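Student: 3D, please:
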Amino acid sequence: MMWSIAKAAAVAAGAAVLLAACTPKPAVQCDFTPMLQADAAGEQALLPLTPGTMKPVALNTVSVIDAGIRRKVLVQSVQASRTATGNVAVETRLMNCTDHPLQVDGRTNFLTTGGGSAEAPSMWQRVYLPPRSFASYAESSVSGPNAATFLIEVKEGR
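Tutor: Coordinates of the predicted model:
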């Protein structure tokens with residue numbers, strides 16, 4: 001008995017729907033909406049000298065300064081602590097929300113209580129992010145108790 005073209009097409013369509021339903025979703029899924037809608041100013045922020053010339057930049061957090069990865073990488077956590085010598089140690093865990101490996105560069109600015117530079121920004125460090133996975137960036141200040149706050153900058157590694 002011969003099948004009609006219509007029956008064969010229906011069977012093929014049904015198989016495609018079943019296969020799509022069986023395809024596992026990534027373990028970690030990213031939603032950039034809250035991040036894109038969030039107001040950057042937190043309790044502590046870098047403010048412009050002339051109001052309205054730039055948005056406040058939140059301190060003690062991560063700033064993704066490269067528009068090319070703003071919808072590819074999410075910040076999962078940011079932590080800071082004082083070492084025994086009084087320096088500030090910071091760490092951030094980043095999530096690659098894409099299906100391909102990424103390279104990002106991170107550096108940290110350590111600031112005084114008044115908002116001035118406690119020391120020169122750290123050197124850029126390369127972080128490798130496999131697809132749909134986490135990796136960490138860490139840095140420590142060298143200026144002891146002079147470092148009161150920090151700002152971690154992240155950009156795409158080139």
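
Student: any idea how far stretch 94-105 is from the chain center?
Tutor: Its chain's C-alpha centre and that of stretch 94-105 lie 9 Å apart, by Cα atoms, centre = their mean, to the nearest Å.

Student: contact partners of that stretch?
Tutor: 26, 28, 30, 32, 62, 69, 71-76, 124-137, 154-158 (Cβ atoms under 8 Å, 6 or more residues apart in numbering). From N, CA and C alone the C-beta is placed, and that goes for glycine too.

Student: mind saving the C-alpha coords of that stretch as CSV?
Tutor: The C-alpha coordinates for stretch 94-105 follow below in CSV (Å, rounded to 0.1, in the frame of the first residue of the first chain):
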residue,chain,number,x,y,z
LEU,A,94,30.8,35.5,35.1
MET,A,95,28.3,33.4,33.0
ASN,A,96,28.7,32.8,29.3
CYS,A,97,25.1,32.8,28.0
THR,A,98,26.1,31.7,24.5
ASP,A,99,26.6,28.4,22.8
HIS,A,100,30.2,29.2,21.9
PRO,A,101,33.4,29.9,23.9
LEU,A,102,34.1,33.5,24.8
GLN,A,103,37.2,35.3,26.0
VAL,A,104,36.7,38.4,28.2
ASP,A,105,39.2,40.7,29.8
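
Student: ok, which stretches of the protein are helices?
Tutor: Assigned by DSSP state H, the helices in the chain fall at 5-22, 33-37.

Student: between those helices, which gets the lowest average pLDDT?
Tutor: With a mean of 58, helix 5-22 has the lowest mean pLDDT of the helices of the chain.

Student: Tell me where the model's unsure across this protein.
Tutor: Applying pLDDT under 70 to the chain flags residues 1-28, 34-43.

Student: could you redo the last one with a cut-off of 50?
Tutor: Where the chain drops to pLDDT under 50, the residues are 1.

Student: re the thing from before, please spell out the PyMOL selection for the buried subset of the contacts of stretch 94-105.
Tutor: Provided next is the PyMOL selection string for whichever of the contacts of stretch 94-105 are buried by 16 or more other Cβ atoms under 10 Å:
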select buried, resi 30+62+69+72+73+74+75+127+129+132+133+135+137+154+155+156+157
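
Student: Strands of this structure, start to end?
Tutor: Ranges of strands in the chain, per DSSP state E, are 45-46, 57-58, 61-64, 73-82, 88-96, 102-111, 125-129, 134-140, 149-156.
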